[in-house]
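A.B. asks: Sharing a model prediction with you, sequence too.
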Amino acid sequence: MVNVAVIGCGYWGPNLIRNFNQIKLTNVVSVCDLDVSKMEAIKKNYPFVKTTSNYLDLLEDPNVDAIVIALPVARHYQIARDALLHNKHVLVEKPLVASVKEAEDLIRIANKNKKVLMVDHTFEYAQAINKIKSIIESGELGDIYYIKAEWLNLGLLQPDVNVVWDLATHISSIVSYVTGLNPISLSAQAGAYIREDNEEIAHLFLRFPKRITAYLTVSWLEPKKTRSLTIVGSKKMLAYNLMNEEEQIKIFDKGVDITKDIEDKRQFRINYRYGSIYIPFIEKVEPLKEMCTHFADCIINNKVPRSDGLSGLNVVRILEAAQHSIENNGTEIKLDQINFNSGNDGIK
């Protein structure tokens, strides 16, 4: 049994508390928040949970094995660092931290103290996303040409980060996870309409190895909630729609084939292929529950998490590069050359 303490009882914290309370491997022993009323609400549902407004109380409690952080991004680094230095395992709500420099420091401390450092990239634990990953790895789609993704809705406008650091975190982790690749370079453009210093819509263009490209759009200003992913391959195409619970994934046996003319090798023949469509069955399992279970399993059995510190670092590198590109009028940024030394300036 892993004793868990959750810091942050706002939007996401209660979901984490609920899941850690439900699974058999963990026990929520304490929660922390500066807002006493939020902790009182938690206390009504979980009367045996201790409450405190000082997170240091949790770090100094020998009964606490793991710290779960569900706070604004700017507070992730310091609290996660303190927890690791107090020999606690750590799970952090996405994104891991606010800069590459901070992520590298947390990974170093976690490795030194032999503690699990994990980031809540929830979609990496979704059945549909893992099905997509297995389809790609099987070669059914052929060579991947490009990926198009849209993560859109009206709100929630975050007070501390722009839309890139909120919604693009999901897509970045998904695309890297299902392809098994990290981008080589990217460029990004964004617009701020409600608040001049905090962009609500952004477009990211990423280049991956093997000539794969990805086009990502994220927005807080759309009338319809959209969570979609299209993967175009040389053999087949895949469409993912999170909002369609019964048909989240569709595989299209469609494509374009080019063959040289037998008589004149300089001429090409274009053939459009229109085949069948099939819908794989996706088991309904709450991704957050899978993520929480995985975190506990990694602690108990000394495993490396699927979304470990390195995974969190790779996503933060994308976000920081995107922010830098936005601030430089869409300049292409090579991710292996990132050295912004921005500290907490990585977010806006």
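C.D. replies: Noted; the coordinates are in hand. Numbers count the residues shown, from 1 in each chain.
A.B. asks: Could I get the average pLDDT for the helix ranked longest in the chain?
C.D. replies: Criterion DSSP state H: the longest helix present in the chain is helix 309-327. For helix 309-327, mean pLDDT is 97.
A.B. asks: try stretch 287-299
C.D. replies: 98.
A.B. asks: Just say helix, strand or coil for residue 295.
C.D. replies: The local conformation at residue 295, judged by DSSP: H, G, I helix; E, B strand; the rest coil, is helix.
A.B. asks: what's it in contact with, if anything?
C.D. replies: 66, 89, 91, 116, 118, 305 (Cβ atoms under 8 Å, 6 or more residues apart in numbering). (Glycine included, C-beta is placed from N, CA and C.)
A.B. asks: Which pLDDT value goes with the second one?
C.D. replies: The reference is to residue 89. pLDDT, residue 89: 98.
A.B. asks: my guess is residue 46 meets residue 22, correct?
C.D. replies: No - Residue 46 lies out of contact with residue 22 (Cβ atoms under 8 Å); the separation is 11.0 Å.
A.B. asks: Give me the secondary structure label for the residue nearest to residue 313 when sequence neighbours are not counted.
C.D. replies: Using Cβ to Cβ, 6 or more residues apart in numbering and skipping residues adjacent in sequence, the residue nearest residue 313 is residue 103, 4.0 Å away. With three-state DSSP as the basis, residue 103 sits in helix.
A.B. asks: Quick check: phi and psi at residue 100.
C.D. replies: When read as degrees, to the nearest 10, the backbone of residue 100 gives phi -60, psi -40.
A.B. asks: what's the distance between it and residue 323?
C.D. replies: According to Cβ to Cβ, to the nearest Å, residue 100 and residue 323 sit 11 Å apart.
A.B. asks: Between those two, tell me which one has more neighbours.
C.D. replies: More crowded of residue 100 and residue 323, by other Cβ atoms under 10 Å: residue 323, with 28 against 23.
A.B. asks: so where's the stretch 101-250 of the chain uncertain?
C.D. replies: The stretch 101-250 of the chain contains no residues with pLDDT under 70.
A.B. asks: can you give me the strands for it?
C.D. replies: Along the stretch 101-250 of the chain, counting by DSSP state E, counting those that start in this stretch, strands occupy 117-120, 144-154, 185-191, 201-207, 213-219, 221-233, 237-241, 249-260.
A.B. asks: Tell me which of these is the most buried.
C.D. replies: Greatest average neighbour count among the strands of the stretch 101-250 of the chain goes to strand 117-120 (a mean of 28), per mean count of other Cβ atoms under 10 Å.
A.B. asks: Contacts made by it with the rest, please.
C.D. replies: With Cβ under 8 Å, 6+ apart as the test, strand 117-120 has contacts from 16, 80, 84, 89-96, 106-107, 110, 288, 291, 295, 298, 305, 307-309, 311-312, 315.
A.B. asks: if we can go back for a sec, which of the contacts of residue 295 sits closest to residue 76?
C.D. replies: Of all the contacts of residue 295, residue 91 has the smallest distance to residue 76: 11.0 Å, by Cβ to Cβ.
A.B. asks: Determine the three-state secondary structure at the closest one.
C.D. replies: Secondary structure, three-state DSSP: residue 91 is strand.
A.B. asks: doesn't residue 66 make contact with it?
C.D. replies: Yes - if you go by Cβ under 8 Å, residue 91 and residue 66 touch, sitting 6.7 Å apart.
A.B. asks: count of residues packed around the residue nearest to residue 313?
C.D. replies: 28.
A.B. asks: Against residue 71, how distant is it?
C.D. replies: Distance, residue 103 to residue 71, by Cβ to Cβ: 16 Å.
A.B. asks: just to revisit the earlier point, most neighbours of all the contacts of residue 295, which one?
C.D. replies: Busiest of the contacts of residue 295 [other Cβ under 10 Å] is residue 91, holding 29 neighbours.
A.B. asks: Residue 318 versus that one, what's the distance?
C.D. replies: 21 Å.
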